[in-house]
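Engineer: with the input below, show me the fold.
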Amino acid sequence: GDPKHLHGVVGKINTLVNKVLEPLHPHVEEHQPKNIKHLSHTFSREKQHLVFYKYQPIGLVRKYFGEKIGLYFAWLGLYTQMLIPASLVGVFVFLYGCATVDDNIPSMEICHPKNNITMCPLCDRVCSYWKLSTACATARASHLFDNPATVFFSIFMALWAAMFMENWKRRQMRLNYEWDLTGFEDEEDHPRAEYEFRVMQKSLCKDQKSQQKVIMPVEKLTYRDRLPAYMTNIVMMLLMIGVTFAIVFGVILYRISTKAALHMSSNPITRNHVQLTVKTTAAIINLVVILILDEVYGAVARWLTVLEVPKTDKSFEERLIFKTFILKFFNAFTPIIYIAFFRGRLVGRPGSYLYVFESYRMEECAHGGCLMELCIQLSITMLGKQLIQNNLFEIGIPKLKKLIRYIRSKQGAFQEEERQKKLQRYETDHFLEPFAGLTPEYMEMIIQFGFVTLFVASFPLAPLFALLNNIIEIRLDAKKFVTELRRPVAARAKDIGIWYNILRGVAKVAVIINAFVISFTSDFIPRMVYQYMYSPDGSMHGFVNHTLSYFNVSHFQDGKETMDPLHLGYSIEICRYKDYREPPWSATPYEISKEFWAVLAVRLAFVIVFQNVVMLMSDIVDWIIPDIPKDISLQIHKEKILLVDLFMKEEQGKVYILESRPSAGGTEKCSRSNNSNSTVAHPHSGLHTNNNKNL
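Structural biologist: The predicted structure is shown next:
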């Protein structure tokens, strides 16, 4: 199964394949011919950083590292390729936001200098009343990410994820055919040593209890044996997710208290940039915590899987991946989910705010909505994770470990004269990092896939960030495999295993989350409702005024009113806040108004319609694109016909031999001819079966 469809450079090198593969064995000739190109030349391209657009030599990678690693690089290549259209559309959506920002009526109304809307204080006592026009910059910036095009982009990305899955199925099928894996079945995994040991312990205990020599059935670990481990797993997983929530809550308290402290500052510049300072520092704190907890969670997941004593290596790997994914997913996305869905919802209203620990008032969204903050959090987390965790850690840590191992071995066994000698190839390879499996490689890509699909409604530039990262990532991974890691034992595999199911799960959850982001986090639905239900002239004029409720300043609780009521230079009687509530002069002051229920009903209806329409479209994409490429299915079909022909010829041959027996000569002759026939027939049929195998 030599790869037939090779791109670009690979075709030329294919003839030199046997010499290309960089040997990792003792007694290698040091003086190799000059015209041989190493695998690293075509794969990691360390000397040609600008040649990132060339295809990876997947065929060579598979021959050198085995099918499992070949499939990883094929998957990573396809994913990066698919990100190109997604990032182009994302950039287009962002540019559309930039182009229409000056025509956006709500942000023009907020920015209008004659706009005399006085807003209620953002925190107790130290904050004062403020002019809505000071929120101009935030309102304009949030329009870049919160415009009608983002709804289209969310639908596009859901279909993109479905296309990616289908394309990968086809690519995998093609590789299976080219690499001769179509008939390959996973061999029966042998039980792990730990499992065998536990079974032996169990049978020994039983033997001691029952002294009489009764033949016992073959022991295996039952659900009851594993119950303590399962209980520990559930408790620890919940505890870890609880830790994640606690840290998010801690960052919320940090934001609230820092905001109040900065408002007290005597420096006017500090006071003017409170929001930006607090948002950015909180996002960086979140990032640092995520990076630290990622390492902790990886170790915890491994410990919990060892406790379970899975029977086979495959089962061990799948359980470990699932646990690690759940923990890392919660770790990366909990702060983002809080900002998207909970922030600004649990605030209360002026005069009866919601407090944490009696003194901390819950956070409100800035006037442009929470989408801008979601965007800041997403970009810092995504860029930070990719730059620090994926790139610095991936290259830096193996190099550091290699150096430490090298220094240790120098201090230890090596004598001075041995040190002078040039080390053999296998000795230098021993200083490389041992191969730890593909799980960390896939994991970082799947979390990135989450960033690209889950909150894409609030951050259309996510695919572009991912694409830029992956162009570097492919070459870094290649360099790491070729130069930083010991050569892994080649393993055969037909597919990418449990990762495909996780990808499908993330893509399905993404549709639901995007539906909620558009309807609950962005102002898309309130704007639509206003335009078609409440606007006097069917335009967006008056929308900002419509979304603000009135509050009578005399209704503040004692001790909660502002210390600086004349901050704006005149006394305030009525201030405004963002909510749908009755005004103080109505029969039911500060009760939720009917507009609130109208908007909520439309929001929920939108979630249901969006989700079902997008899921249906994804299923149609799934159905239209065949899983097996046409040329491959034709080839397989032809091979089946050839096989059938071969069997038919073989059967005809047998029949012909039986018919051509000599009928004369009595029973003795018959029996002899029978014997001789059988000796002819057997090697004949054996020959055919061999041919058949070769085919």
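
Engineer: quick one: find the helix or strand in this protein with the lowest mean pLDDT.
Structural biologist: Lowest by mean pLDDT, DSSP states H and E among the helices and strands of the chain is helix 17-20, with a mean of 37.

Engineer: tell me where the stretch 301-450 of the chain has helices.
Structural biologist: With DSSP state H, counting those that start in this stretch as the criterion, the stretch 301-450 of the chain has helices at 313-337, 371-384, 394-411, 416-420, 425-430, 439-453.

Engineer: how about the ones you listed in JSON lines, adding mean pLDDT and distance to Cys111?
Structural biologist: Placement of C-beta: from N, CA and C, glycine included. Formatted as JSON lines, the helices of the stretch 301-450 of the chain follow (pLDDT from 0 to 100; distance: least, Cβ to Cβ, whole Å):
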{"stretch": "helix 313-337", "mean pLDDT": "89", "distance to Cys111": "28"}
{"stretch": "helix 371-384", "mean pLDDT": "83", "distance to Cys111": "15"}
{"stretch": "helix 394-411", "mean pLDDT": "74", "distance to Cys111": "45"}
{"stretch": "helix 416-420", "mean pLDDT": "51", "distance to Cys111": "72"}
{"stretch": "helix 425-430", "mean pLDDT": "74", "distance to Cys111": "64"}
{"stretch": "helix 439-453", "mean pLDDT": "89", "distance to Cys111": "31"}
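
Engineer: quick one, which of those helices is nearest to Arg527?
Structural biologist: Ranking these by proximity to Arg527 (Cβ to Cβ) places helix 371-384 first, at 12.7 Å.

Engineer: what packs against the closest one?
Structural biologist: helix 136-145, helix 274-308, helix 313-337, helix 439-453, helix 462-479 (3 or more Cβ pairs under 8 Å, 6 or more residues apart in numbering; DSSP states H and E).

Engineer: any idea how far Tyr360 is from Tyr129?
Structural biologist: Tyr360 sits 21 Å away from Tyr129, going by Cβ to Cβ, to the nearest Å.

Engineer: more neighbours: which of these two?
Structural biologist: Tyr129 (21 against 17; other Cβ atoms under 10 Å).

Engineer: distance of the more buried one relative to Ser359?
Structural biologist: Applying Cβ to Cβ, the value for Tyr129 to Ser359 is 22 Å.

Engineer: could you list the low-pLDDT ranges of the stretch 201-350 of the chain?
Structural biologist: For the stretch 201-350 of the chain, the stretches flagged by pLDDT under 70 are 210-219, 271-272.

Engineer: sorry, that was for the stretch 401-550 of the chain
Structural biologist: 410-423.

Engineer: same question, the stretch 51-200 of the chain
Structural biologist: The low-confidence ranges in the stretch 51-200 of the chain, as defined by pLDDT under 70, are 51-54, 186-188.

Engineer: tell me which stretches of it form strands.
Structural biologist: For the stretch 51-200 of the chain, applying DSSP state E, counting those that start in this stretch gives strands covering 118-119, 130-131.

Engineer: Asp146: which of those is closest?
Structural biologist: Shortest distance between Asp146 and those, using Cβ to Cβ, is found for strand 118-119: 19.9 Å.

Engineer: the closest one packs against which elements?
Structural biologist: Using 3+ Cβ pairs under 8 Å, 6+ apart: strand 118-119 touches strand 130-131, strand 574-578.

Engineer: export those strands to a markdown table and append columns for mean neighbour count and distance to Trp623.
Structural biologist: Below are the helices and strands packed on strand 118-119 laid out as a markdown table (neighbours: other Cβ atoms under 10 Å; distance: least, Cβ to Cβ, whole Å):
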| stretch | mean neighbour count | distance to Trp623 |
| --- | --- | --- |
| strand 130-131 | 16 | 55 |
| strand 574-578 | 18 | 44 |
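
Engineer: let's verify Ser266: helix, strand, or coil?
Structural biologist: Assigned with DSSP: H, G, I helix; E, B strand; the rest coil, Ser266 falls in the coil class.

Engineer: how about it, phi and psi?
Structural biologist: For Ser266, the backbone dihedrals (degrees, to the nearest 10) come out as phi -80, psi -20.

Engineer: quick one: it and Pro121, what's the gap?
Structural biologist: The spacing between Ser266 and Pro121, counted by Cβ to Cβ, is 19 Å.

Engineer: and Ile292, how many neighbours?
Structural biologist: 12.

Engineer: output stretch 305-313 as PDB, nothing but the C-alphas.
Structural biologist: Below are the C-alpha coordinates for stretch 305-313, written out as PDB (Å, rounded to 0.1, in the frame of the first residue of the first chain):
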ATOM      1  CA  THR A 305      -7.600   5.900  36.000                       C
ATOM      2  CA  VAL A 306      -4.900   3.800  37.700                       C
ATOM      3  CA  LEU A 307      -7.300   3.300  40.600                       C
ATOM      4  CA  GLU A 308     -10.000   1.900  38.300                       C
ATOM      5  CA  VAL A 309      -7.600  -0.900  37.100                       C
ATOM      6  CA  PRO A 310      -8.900  -1.100  33.500                       C
ATOM      7  CA  LYS A 311      -8.400  -4.500  31.800                       C
ATOM      8  CA  THR A 312      -6.600  -3.500  28.600                       C
ATOM      9  CA  ASP A 313      -4.300  -0.700  27.500                       C
END
